[in-house]
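Student: Give me coordinates for this.
(4 chains, ligands or ions: 6)
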Amino acid sequence: MKKLINNPSIVVEEAMLGMARAHPHLLRAYFDPNYIVRADAPRPGKVGVLSGGGSGHEPMHGGFVGAGMLDAACPGRIFTSPTPDQIEAASHAIHGGAGILFIVKNYTGDILNFDIAAELCQASGIDVATLLIHDDVAVQDSLYTAGRRGVGVTVFAEKICGAAAEAGAPLERVAAIGRKVGQQGRSMGMALTSCIVPAVGRPTFVLQEDEMEIGVGIHGEPGRERVALQTADEITDILVATIFDDLPFRRGSRVIAMVNGMGGTPLIELYIIFRRLARLCDDRNITISRNLIGNYVTSLEMAGCSITLLEADDELLHLWDAPVHTAALHW
Amino acid sequence: MKKLINNPSIVVEEAMLGMARAHPHLLRAYFDPNYIVRADAPRPGKVGVLSGGGSGHEPMHGGFVGAGMLDAACPGRIFTSPTPDQIEAASHAIHGGAGILFIVKNYTGDILNFDIAAELCQASGIDVATLLIHDDVAVQDSLYTAGRRGVGVTVFAEKICGAAAEAGAPLERVAAIGRKVGQQGRSMGMALTSCIVPAVGRPTFVLQEDEMEIGVGIHGEPGRERVALQTADEITDILVATIFDDLPFRRGSRVIAMVNGMGGTPLIELYIIFRRLARLCDDRNITISRNLIGNYVTSLEMAGCSITLLEADDELLHLWDAPVHTAALHW
Amino acid sequence: MTSDTTLNIDTAILTDWINRYANQISDNKAYLTELDAEIGDADHGINMQHGFEAVQQRLPGFAGEPLSVFFKNIGMTLLSKVGGASGPLYGTLFLRMGMASAGKSTLTPIEFAEALAVGVEGIRQRGSARPGDKTMVDALTPAVLALHHALEHGATLCAALQAAAAAGEAGMKATISMQAYKGRASYLGPRSIGHQDPGATSAYLLIKSAAETFCPAEQATR
Amino acid sequence: MTSDTTLNIDTAILTDWINRYANQISDNKAYLTELDAEIGDADHGINMQHGFEAVQQRLPGFAGEPLSVFFKNIGMTLLSKVGGASGPLYGTLFLRMGMASAGKSTLTPIEFAEALAVGVEGIRQRGSARPGDKTMVDALTPAVLALHHALEHGATLCAALQAAAAAGEAGMKATISMQAYKGRASYLGPRSIGHQDPGATSAYLLIKSAAETFCPAEQATR
Ligand SMILES: Nc1ncnc2c1ncn2[C@@H]1O[C@H](COP(=O)(O)OP(=O)(O)O)[C@@H](O)[C@H]1O
Ligand SMILES: Nc1ncnc2c1ncn2[C@@H]1O[C@H](COP(=O)(O)OP(=O)(O)O)[C@@H](O)[C@H]1O
Ligand SMILES: [Mg+2]
Ligand SMILES: [Mg+2]
Ligand SMILES: [Mg+2]
Ligand SMILES: [Mg+2]
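Tutor: Ligands and ions are numbered 1, 2, ... in the order given. This is a model prediction of the structure:
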């Protein structure tokens, strides 16, 4: 295992210390329980937007804490959802009297821990709404399963709900806008290599030189299928076809598109993917109105990428364009 | 070789097409010869700021094209400096009558090609000044050698000279500010893994599981020495000690600091490095006034990092804070 | 075999059980993580070890408490230290065992079995997994049934827990051929078949360590 | 041996030379890149192949031109297609050979040797590398000296170029034990010792291909 770390068991805490030192104007970090809040929290009268999940997906979520996006982030250990006490403490730290939206990625661990935290918050008089993100079309959806994973759409939901809350929308409205984002967004990812969980020290799975995994998540879990390595264009075609078919995205619609690196993929490759994605959208008469290209929802040092498309109307584009001041998104 | 590419020989062109599609409001791409210019070029009366070099260092330089930073970027093939005709054509495209500053990293290839381009531009009546960046303290400096490589300080020089040019400074002044940046900035890097040049298909060098290279550049070239893998804190100490000793950075001074990922390093690790860097600066009574943490000057998918420190006075901080609108830096 | 209905299960022996389990988790950390790497995210052993190490550190302070507090303290520690899916699930198990032991400072074997059943029911409610979904429920449900069945038929707690462990082990092994419908492994769809569920494995160890705790040393050979 | 002072070197035979060199670059692309991986950035073979492939494509169009144009076209093509350090250096070599051939449509062997010397001097000026700095100059300088020396002593162009190639090869091999003071390899400091310079290697091939071009087939065995 080759990593720039000191000790696998304190990776998250040391990185949080680094973030706090780097961005004192944006955020503050607290420990035991661990959470990050925006520097000016709590904002009286504003809905708090809180997210969290396992670490290893940086910049998500801590990199999205700041004006116009998240009020708080609760990082768990690497790939392990945070615990209820973290979420409860962060909620108290950001509570401005207008309630809190939990943005939760659909993983059993995240759901259970956020559920318990919501019970605890509600017991102490904080109004909580939960927005569940489950956008990963690689996973078969069904009433009888855990459903789809939450991946790239989380970034879009955090930005857009954050903008709505910043603009003064009440909790129910912020949650409703988030649900719209969830309904209209879809993602799919792939991996060229596995990642290495620091506390494990070995790759979670092993891919040969001529293999790739299609339909991976962001926790080093294996994907939907293992197939022969293909070109960037062919890979883009596979990812996008599954996404297009799922919603389905309509001809003439506008989208916000993300080409996301998994952590170990050079930016130059992501632009090659975006080039193809743009062409595929042209073919369908879909307009890419906004885009993000880079590492936003990563899986440690995994090489690979994911594509996320969100069908966006004027309201969503307006909220997308609203100012945001975080470590990872800034405009 | 596992990469998200279609064909090793058109990686640069396909990525340029992706950039042009992604950022039409910021930049335009031209081909054969290849260059990128900001969307509103030429800006009459403004000094043009142009840089370029081998590709594989993304977002440098194309990601820094836009208002407040570069007017043009000339990408060579992967790790190969651009040719004079690219530079000459880009110069003509951005020339607004006030001359052009070439920001050139100190590599023989870059120097020779930019020199020839400068001769060609001057022959057609364009005033050219060249700013040479050579900040890599891993390299012994001497009159009798090629001197030090240009690495991280390039980003600082491009931002700061870009801001000066945007503010209307004349060519000589923009160049003088750039020289100040060059004099006051130092960098040093290390690698955990090699990178793979697409046209070669194999890692440029091979590091064992327990080895790292200290003092690497950004072209997959071997470093100053190969040593046993150490902790993030120990690595930071090595990099920073060499930098501190070189200038030397004075107690009480203010710096702009960059912890730069080489392309394959997760952000969480860079924050761990920054944490240690901040402590080392505390110990020396050096204030980190601004910072950048992320992938800015990469070496394809190499895992590793570099640290850059720039001693900054009010003028440099003021220019650093000036608005910038590029794909990779935005405030 | 005759039932030892008069046995008083107190925090001392329960502390032995939890200590023994914590040690087994620590010994099996790599194994559990490896199982999780195959169909999950390679952290189950780490999560459990993290939680039970904290429990083990705090256990001495829990020992004097009434059973409701003893179990609740374990549950709350797991809740705040494990994270992931297993933290709230094992946390719920112990929280519910605490509720089921309200007002008591010792349990009879039947009461212990009942408290365990209430705890497992809590896991089923929290996670809404049914038997056959390839989760810890597939080890715990048959174990709890076997425990009750044996005690009702007059077995000693030792013998009943050995039967429960055997049933739990069979349930754990049965997860190998199941397709996952709950938890992270469900994302793999049919690719989840052929791998033993990590949570079912840690759940089997919980019952096994109970059997070892409540059996005299010479009987505790299985 | 007697000097073939009356030999008329025209664009036809120069085209043969450049074509032969381009083929050798293509054949040695991986080798040159491998040498560059050891002390540089693993692209010298790629750079040279890229440039000489373009030259080769355009060569038929250059053939009729006066020598100054012929050489200049080659130089400009290299300048715009190679990039890196080697592009401007080899580009300068041919641009200067063109200047040295101004007004001529053929060269005598001595004139050819002189043009080559002017070209090599151009490389030295552009790159300000001195012999011993571990660059292409270490192969080219002894080659050019040997060429002149042999011609002055009455050797045929073939024999003189064979002597030049031998001197170039020795110069190339001498770079192995040198520490680099110019170019990318200089960043390695003492670690550059023990590796053959890629540019010196491509430079030796340039002289060697000239020898092969100007020697009758049966002599071109070295
Ligand atoms: N809904 C559920 N109900 C019961 N058990 C579950 C459920 N989801 C997951 N599990 C159990 O949790 C185990 C995984 O635990 P762990 O790896 O610690 O958490 P995570 O999946 O969050 O990484 C699975 O092997 C499974 O036995
Ligand atoms: N200043 C110089 N003078 C002469 N030759 C040089 C100089 N610098 C580098 N070279 C030659 O260029 C070769 C490297 O060429 P190449 O790999 O194509 O370019 P780059 O170093 O830019 O990647 C070196 O092996 C060396 O022979
Ligand atoms: Mg987990
Ligand atoms: Mg090069
Ligand atoms: Mg797990
Ligand atoms: Mg090279």
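Student: Between the two ends of stretch C:123-132, what distance do you get?
Tutor: This stretch, stretch C:123-132, spans 15 Å end to end (Cα to Cα, to the nearest Å).
Student: show me where the stretch 101-250 of chain A has helices.
Tutor: Secondary structure of the stretch 101-250 of chain A, counting by DSSP state H, counting those that start in this stretch: helices at A:108-123, A:153-166, A:171-184, A:232-246.
Student: deepest of the ones you listed, which one?
Tutor: Counting by mean count of other Cβ atoms under 10 Å in any protein chain shown, helix A:153-166 has the highest mean neighbour count of the helices of the stretch 101-250 of chain A, with a mean of 28. C-beta: built from backbone N, CA, C; applies to glycine.
Student: what's that one packed up against?
Tutor: Packed against helix A:153-166 by the contact rule (3 or more Cβ pairs under 8 Å, 6 or more residues apart in numbering or on different chains; DSSP states H and E) you find strand A:48-55, strand A:100-105, strand A:128-133, helix A:171-184, strand A:185-191, strand A:254-261, strand A:304-311, helix A:314-321.
Student: Mind doing that once more with 7 Å?
Tutor: strand A:48-55, strand A:100-105, strand A:128-133, helix A:171-184, strand A:185-191, strand A:304-311, helix A:314-321 (3 or more Cβ pairs under 7 Å, 6 or more residues apart in numbering or on different chains; DSSP states H and E).
Student: just so I know, which of the ones you listed lies nearest ligand 4?
Tutor: Closest to ligand 4 of the helices and strands packed on helix A:153-166 is strand A:304-311 (Cβ to the ion; 27.2 Å).
Student: Pull up the gap between the residue nearest to C:Glu121 when sequence neighbours are not counted and chain D, please.
Tutor: Leaving aside its sequence neighbours, C:Glu121 sits nearest to C:Arg96 (Cβ to Cβ, 6 or more residues apart in numbering or on different chains; 7.2 Å). According to Cβ to the nearest Cβ, to the nearest Å, C:Arg96 and chain D sit 63 Å apart.
Student: ok so C:Arg96 is a helix residue?
Tutor: Yes - counting by DSSP: H, G, I helix; E, B strand; the rest coil, C:Arg96 falls inside a helix.
Student: ok, the residue nearest to A:Gly162 when sequence neighbours are not counted - contacts?
Tutor: Leaving out its chain neighbours, the residue that sits closest to A:Gly162 by Cβ to Cβ, 6+ apart is A:Met69, at 3.7 Å. Each residue near A:Met69 by Cβ atoms under 7 Å, 6 or more residues apart in numbering or on different chains is listed here: A:Glu158, A:Lys159, A:Gly162, A:Val324, A:Thr326, A:Leu329.
Student: confidence score at A:Met69?
Tutor: Here, the pLDDT recorded for A:Met69 equals 98.
Student: Restrict stretch A:143-153 to CA atoms and write it as PDB.
Tutor: Extracted in PDB, the C-alpha atoms of stretch A:143-153 (Å, rounded to 0.1, in the frame of the first residue of the first chain):
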ATOM      1  CA  LEU A 143     -39.100  -2.900  -3.800                       C
ATOM      2  CA  TYR A 144     -37.400  -6.000  -2.400                       C
ATOM      3  CA  THR A 145     -33.800  -4.900  -2.400                       C
ATOM      4  CA  ALA A 146     -31.800  -2.100  -0.800                       C
ATOM      5  CA  GLY A 147     -32.400  -0.200  -4.100                       C
ATOM      6  CA  ARG A 148     -29.900   2.000  -5.900                       C
ATOM      7  CA  ARG A 149     -26.800   3.500  -4.400                       C
ATOM      8  CA  GLY A 150     -26.400   7.200  -4.100                       C
ATOM      9  CA  VAL A 151     -23.500   8.600  -6.000                       C
ATOM     10  CA  GLY A 152     -22.900  11.600  -8.300                       C
ATOM     11  CA  VAL A 153     -26.400  13.200  -7.900                       C
END
